[in-house]
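Give me the fold of what follows.
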Amino acid sequence: MGAYQRRSTETPTEAAYHAVSEVTDRDVLDIPPIGRAIEPDSLDAFVEESRTLRAYAITFEYADCDVTVRDDRVRVERLDDGN
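Okay, the predicted model is just below:
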């Protein structure tokens, strides 16, 4: 499992790409398009519009991982991880 802090210049979608890349040790260009798992514009819009909420999370399956986006953090857990 890995945690990724979103940079101020990244969209939530970009942060998810980078987080999955780090956890799976794969180049960002070798990961399938995130649009196969979630609509990128909707993810970005929801996160940006929800910044004033105290608690929210979006979890989706992507590139053999469970990806959870919260505010400026992304948590990634490999589905094949025995933990």
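
Can you check the pLDDT for the residue positioned nearest the centre of the chain?
By CA atoms, centre = their mean, the chain has its centre lying nearest to Ala16, at 2.7 Å. On the pLDDT scale, Ala16 is placed at 96.

What sits closest to Leu79 if chain neighbours are left out?
Once flanking residues are discounted, Leu79 sits nearest to Asp64: 5.2 Å by CB to CB, 6 or more residues apart in numbering. For glycine as for every other residue, the C-beta is placed from the backbone atoms N, C-alpha and C.

these two touch, right, Ser50 and Ala57?
No: between Ser50 and Ala57 there is no contact under CB atoms under 8 Å: 9.7 Å.

And these two? Which one has more around it.
Ser50 (16 against 11; other CB atoms under 10 Å).

who's in contact with that one?
Residues in contact with Ser50 (CB atoms under 8 Å, 6 or more residues apart in numbering) are Tyr56.

gap between it and Ile38?
Applying CB to CB, to the nearest Å, the value for Ser50 to Ile38 is 15 Å.

and what of Val74?
From Val74 to Ile38 the distance is 12 Å (CB to CB).

How about Ile58, nearest residue that isn't a chain neighbour?
Val69 (4.8 Å).

Can you check the pLDDT for Thr59?
So Thr59 comes in at 97 (pLDDT).

isn't there a strand covering the residue nearest to Ile58?
Yes: per DSSP: H, G, I helix; E, B strand; the rest coil, Val69 lies within a strand segment.

So it sits against Asp44, correct?
No: using CB under 8 Å, Val69 is not in contact with Asp44, being 9.7 Å away.

Tell me what the residue nearest to Ile58 is bridged to.
Ile58, Val74 (DSSP bridges).
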